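In: Need coordinates for the following:
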Amino acid sequence: MRKLLCVTLTLLFFYVTAVHPASAGEARLWPTGDRPAVVRPWAPPTTPYGPGHRGVDLAAPIGAPVRTVADGRVSFAGEVAGRGVVTVELSGTGEPPLRTSYEPVAATVARGDEVGAGDVLGVVELPTGHCPPAAPSCLHWGLRRADTYLDPLSLLDPSLLRSGPARLLPVWGLPL
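Out: I've put the predicted structure just below:
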């Protein structure tokens, strides 16, 4: 019985992690690096014009490639307030679509370009004073639906947010 349980759990694990496709909105990669440090978390404002942080800042060296986390179309690539910004409307995310933004980025894409998950949008530019002192160089990653700011980390597959290897825990109360 114990062997059957182990085999069943192993098969279930491989089905969920390897065969079953990610549901819509679950990105399988970070915009920069394998697991960059979040140097400044999302802090939604309490009012539309109130203080807060409308995205997350990820540690990234200047010149690091910036990748889109999901399929979409570039809706903006240019400068805003002296910073290079790239915005991607994500495919299949409803109306209005989700939009991700990345800054400061020296864009290698243009408005209207179709991009796939993992495609390079550009590289991290020189810091512009947005990054916290602990990370002199970072990527600001934002997420919006219309005028509502959302936590961009919510796009990531939950397994990307965990640290360390997966662990199987004992199942108590099952007959051996």
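
In: residue ranges for the strands of the protein, please.
Out: For the chain, strands defined by DSSP state E occupy the ranges 38-40, 56-59, 65-67, 72-80, 83-90, 98-103, 105-107, 114-115, 120-124, 138-145, 148-150.

In: Any regions of this structure where pLDDT drops low?
Out: 1-26, 128, 134-135, 161-176 (pLDDT under 70).

In: Could you rerun that using 80?
Out: 1-27, 127-136, 158-176 (pLDDT under 80).

In: on that earlier part again, how about the strands of the chain in a markdown table, adding mean neighbour count and distance to Gly50?
Out: Quick note: C-beta positions are derived from backbone N, CA and C, even for glycine. What follows is these, written out as a markdown table (neighbours: other Cβ atoms under 10 Å; distance: least, Cβ to Cβ, whole Å):
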| stretch | mean neighbour count | distance to Gly50 |
| --- | --- | --- |
| strand 38-40 | 18 | 17 |
| strand 56-59 | 23 | 18 |
| strand 65-67 | 20 | 28 |
| strand 72-80 | 16 | 20 |
| strand 83-90 | 21 | 22 |
| strand 98-103 | 23 | 19 |
| strand 105-107 | 21 | 26 |
| strand 114-115 | 16 | 32 |
| strand 120-124 | 20 | 28 |
| strand 138-145 | 22 | 16 |
| strand 148-150 | 15 | 11 |
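
In: In JSON lines, list these along with distance to Cys131.
Out: Formatted as JSON lines, the strands of the chain follow (distance: least, Cβ to Cβ, whole Å):
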{"stretch": "strand 38-40", "distance to Cys131": "7"}
{"stretch": "strand 56-59", "distance to Cys131": "6"}
{"stretch": "strand 65-67", "distance to Cys131": "14"}
{"stretch": "strand 72-80", "distance to Cys131": "16"}
{"stretch": "strand 83-90", "distance to Cys131": "11"}
{"stretch": "strand 98-103", "distance to Cys131": "11"}
{"stretch": "strand 105-107", "distance to Cys131": "13"}
{"stretch": "strand 114-115", "distance to Cys131": "25"}
{"stretch": "strand 120-124", "distance to Cys131": "10"}
{"stretch": "strand 138-145", "distance to Cys131": "4"}
{"stretch": "strand 148-150", "distance to Cys131": "19"}
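
In: With His130 as the reference, name the closest of those strands.
Out: strand 138-145 (5.8 Å; Cβ to Cβ).

In: and the angle for that closest one with strand 120-124?
Out: Angle, strand 138-145 to strand 120-124, by axes from the mean of the first three to the mean of the last three Cα atoms, to 10 degrees: 140 degrees.

In: just how off-centre is strand 138-145 within its chain?
Out: 8 Å (Cα atoms, centre = their mean, to the nearest Å).
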